[in-house]
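Undergrad: would you be able to build a 3D model of this:
(4 chains)
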There are 2 protein chains.
Amino acid sequence: MGIRQTREEIVKAADQLFYRQGYEHTSFSDIADAVQISRGNFYYHFKSKDAILDAVIELRQVERQEMLRQWEQEAGDPEECIRSFIHMLAANRGNIKRYGCPVGTLCAELGKLNHAAQAEANQLFTLFRTWLRKQFAALGRRSDADDLAMQVLAWSQGVAALSCAFRDEKFIKKEVKRLDAWLATAAQGDSP
Amino acid sequence: MGIRQTREEIVKAADQLFYRQGYEHTSFSDIADAVQISRGNFYYHFKSKDAILDAVIELRQVERQEMLRQWEQEAGDPEECIRSFIHMLAANRGNIKRYGCPVGTLCAELGKLNHAAQAEANQLFTLFRTWLRKQFAALGRRSDADDLAMQVLAWSQGVAALSCAFRDEKFIKKEVKRLDAWLATAAQGDSP
DNA sequence: GTCTATACTGAGATAGAC
DNA sequence: GTCTATCTCAGTATAGAC
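TA: Numbers count the residues shown, from 1 in each chain, chains lettered A, B, ... in the order given. This is a model prediction of the structure:
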């Protein structure tokens, strides 16, 4: 197996495991089992567990960035862009119900660990925030675009947290509907 | 030191440490240092780390229940009760900014660990949910009281998660204002 | 590149003295 | 009740063979 390919598989497996079990609770053995390599082989590709975490965060950043780019490409207007973001909740409701939001739970965990990669993980939130702000500004809400972006983000985080705690997918669907309705009025309404 | 007192101090210290560092990341040594007892002495009071967690969850349940009871006693009407809940966010904004919501972050962590105490921790959410539902029902929103309770809970969770990630206290204040305004209309509005 | 073997550390937990 | 000493185990990480 090429070095590139093995490295990639490690990062992908770690990404999933960190999401499902948390970073600290995931051991090298867990990842090794998933990728079907020996524990020792790890250190040829990464010098430490932290290094794997860095790679995972970078992977998520690249993936999310690409996702946002694609939404912009497919959408006809900024409102549709924001709607794509909102509908991501519904599309991933199975995973969210079980494991929460991948970004939110990682940031929360690294925060408690006071981990060095905290800032980088939080960049994932910033990525969404900046993008949403841009969409709201394009929607004519220039003066409160950042507030609206934060509201959408917080709303999503709350829905993810509760649907996970109560293992409730229907709550996600309900809230996505409410978000949709809210967006429709926000798109028309002027800045307050 | 009496057995009662030492046990209580262990639970209190563990409560704080679990909140600030997370359950898994907190070791016996951490708690021992905080309480100023030896590691070995623990096992006279608790038979395992899980047992301490159980005690911490129970402590939080008792404390929250007492808090809700007091709010009801002090408030003139259900709307004021709900307002007390909302203002808890503002009152604790310093800790929330640093460590997130004590209930939300614990439930999230235990979920990832797939820990046995998961259900008990989630009961903390249920406690709030049931109480809020009761208040909304008393407010005349009987048909959607539970929906509204979930909305307030989710809103709070989202605010806590984002204010923590961005280390932003002002966001809490802003959102508490919006929640207040929302509550005022919800208190008047009929069931949809 | 990948493996096995192993060193090292810190964790939870136990035993028994005081 | 509290202590010290110690056990066991899992985790990260390293060394060196293949």
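Undergrad: host element of the residue of chain A most remote from its centre?
TA: In chain A, the greatest distance from the average C-alpha position (C-alpha atoms, centre = their mean) is reached by A:Gly40, at 30.5 Å. A:Gly40 belongs to no helix or strand when elements are defined using DSSP states H and E.
Undergrad: what about it, distance to DNA strand C?
TA: 2 Å (C-beta to the nearest atom of the strand, to the nearest Å). Bear in mind the C-beta positions are built from the backbone N, C-alpha and C, glycine included.
Undergrad: quick check: pLDDT value at that residue.
TA: Note on A:Gly40: pLDDT of 94.
Undergrad: any idea of the mean pLDDT in the longest helix along chain A?
TA: Identified as the longest helix of chain A according to DSSP state H is helix A:49-74. Average pLDDT, helix A:49-74: 98.
Undergrad: what do you get for stretch A:114-126?
TA: Across stretch A:114-126, pLDDT averages out at 98.
Undergrad: is that stretch up against chain B anywhere?
TA: Yes. Using C-beta under 8 Å from any C-beta of the partner chain, stretch A:114-126 reaches chain B at A:Asn114, A:Asn122, A:Phe125.
Undergrad: also stretch A:1-21?
TA: Yes. Using C-beta under 8 Å from any C-beta, stretch A:1-21 comes into contact with chain B via A:Arg20, A:Gln21.
Undergrad: got the buried residues for that stretch?
TA: A:6-7, A:9-11, A:13-21 (16 or more other C-beta atoms under 10 Å in any protein chain shown).
Undergrad: report the contact partners of the most centrally placed residue in chain A.
TA: With the centre of chain A defined as its mean C-alpha position, the nearest residue by C-alpha atoms, centre = their mean is A:Val103, 3.8 Å away. Counting by C-beta atoms under 8 Å, 6 or more residues apart in numbering or on different chains, A:Val103 makes contact with A:Arg60, A:Ala121, A:Leu124, A:Phe125, A:Phe128.
Undergrad: give me the next element, helix or strand, following the host helix or strand of it.
TA: A:Val103 is part of helix A:102-113, with elements assigned from DSSP H and E. Note on helix A:102-113: by DSSP H and E, the next helix or strand toward the C-terminus is helix A:118-138.
Undergrad: quick one: contacts for A:Arg20?
TA: By C-beta under 8 Å, 6+ apart, the contact list for A:Arg20 reads A:Arg98, A:Tyr99, B:Lys112.
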